[in-house]
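1. below: sequence and its predicted model.
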Amino acid sequence: MAVGGLAAFALLSALVSWLSANPWVLFLLGAVAVAATAWWAHRRQQQLLWERTQQQGLRYALPQLDALHHRDFEYAVRDLMRRDGCTDARQIGGAGDNGADVLATDPMGRTWVIQCKHRKAGDRGSAVGTPDLQRVNGCARQLYGADVVLVVTNGRFSARCAPLAAQLHMHLADRRTLATWSSGGRPLWELLPKAPQPRKGR
């Protein structure tokens, strides 16, 4: 053990002596490290730019959305929010989500809590009912501090949903609104009948 330590110390001492006699090696290693760091930063910047370009050009046709698994539909909604400038949009749907599937902050500073209701049969499937609205409304503002509570579906809402949404100050995006949003370049808040006001100071 002691012999090994002495050998390591001798090797280190020799390396230090050699570097002292050849300082250009340190400059060369430093230059390589700087160049490698600059190259990595450039590649990362290009990657982020490419991802941003892809997100900005993101489009979905309704048949594409209809064919998705319900969890993938949540990710699609998340990606559309990111496309529109909600850089922190994330999917949180799953066990214990308290009715929230996507959380996002829009460029005006508003917090969005979105529940996604996917129907394989589109508007021919079962209608989204008032219990779905009540479930997300019960937690969205208390747990997540939501400024905008939204339920979005590729299907349809029951006739009782619109009056209840108005009473609860919620927003609904049905199949028609989703089609306009997902296939175009306008953000969702420009398509809602009564878009919520931006936060003060924005």
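-> In hand now; what should we look at? Numbers count the residues shown, from 1 in each chain.

2. now the residue nearest to the spatial centre of the chain. Its backbone dihedrals?
-> Of all residues in the chain, the one closest to the mean position by Cα atoms, centre = their mean is residue 89, 3.0 Å from it. With angles defined as degrees, to the nearest 10, residue 89 sits at phi -60, psi 130.

3. find me the pLDDT at it, would you?
-> For residue 89, the model assigns a pLDDT of 96.

4. who's in contact with it?
-> 78-79, 81-82, 102-105 (Cβ atoms under 8 Å, 6 or more residues apart in numbering). In this view, the C-beta of every residue, glycine as well, is placed from N, C-alpha and C.

5. what about the helices in the protein?
-> Under the criterion DSSP state H, the chain contains helices at 2-21, 24-56, 62-66, 70-83, 130-144, 161-168, 175-183.

6. distance of residue 77 relative to residue 157?
-> Using Cβ to Cβ, to the nearest Å, one obtains 16 Å as the distance from residue 77 to residue 157.

7. swap in residue 30?
-> Using Cβ to Cβ, residue 30 is found at 64 Å from residue 157.

8. and residue 130, how many residues sit next to it?
-> A total of 17 residues lie near residue 130 under the criterion other Cβ atoms under 10 Å.

9. one step back: can I get the helices of the chain in JSON lines with distance to residue 189?
-> As requested, those are exported to JSON lines (distance: least, Cβ to Cβ, whole Å):
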{"stretch": "helix 2-21", "distance to residue 189": "61"}
{"stretch": "helix 24-56", "distance to residue 189": "17"}
{"stretch": "helix 62-66", "distance to residue 189": "20"}
{"stretch": "helix 70-83", "distance to residue 189": "10"}
{"stretch": "helix 130-144", "distance to residue 189": "16"}
{"stretch": "helix 161-168", "distance to residue 189": "16"}
{"stretch": "helix 175-183", "distance to residue 189": "10"}
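
10. can you lay out the ones you listed as JSON lines showing mean pLDDT?
-> Supplementary listing: the helices of the chain in JSON lines, determined by pLDDT from 0 to 100:
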{"stretch": "helix 2-21", "mean pLDDT": "74"}
{"stretch": "helix 24-56", "mean pLDDT": "66"}
{"stretch": "helix 62-66", "mean pLDDT": "95"}
{"stretch": "helix 70-83", "mean pLDDT": "95"}
{"stretch": "helix 130-144", "mean pLDDT": "86"}
{"stretch": "helix 161-168", "mean pLDDT": "95"}
{"stretch": "helix 175-183", "mean pLDDT": "95"}
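
11. of these, which stretch is the most buried?
-> When you average the neighbours per residue for each of those (mean count of other Cβ atoms under 10 Å), helix 70-83 leads with a mean of 20.

12. what angle sits between that helix and helix 175-183?
-> Taking axes from the mean of the first three to the mean of the last three Cα atoms, to 10 degrees, one finds that helix 70-83 is oriented at 60 degrees with respect to helix 175-183.
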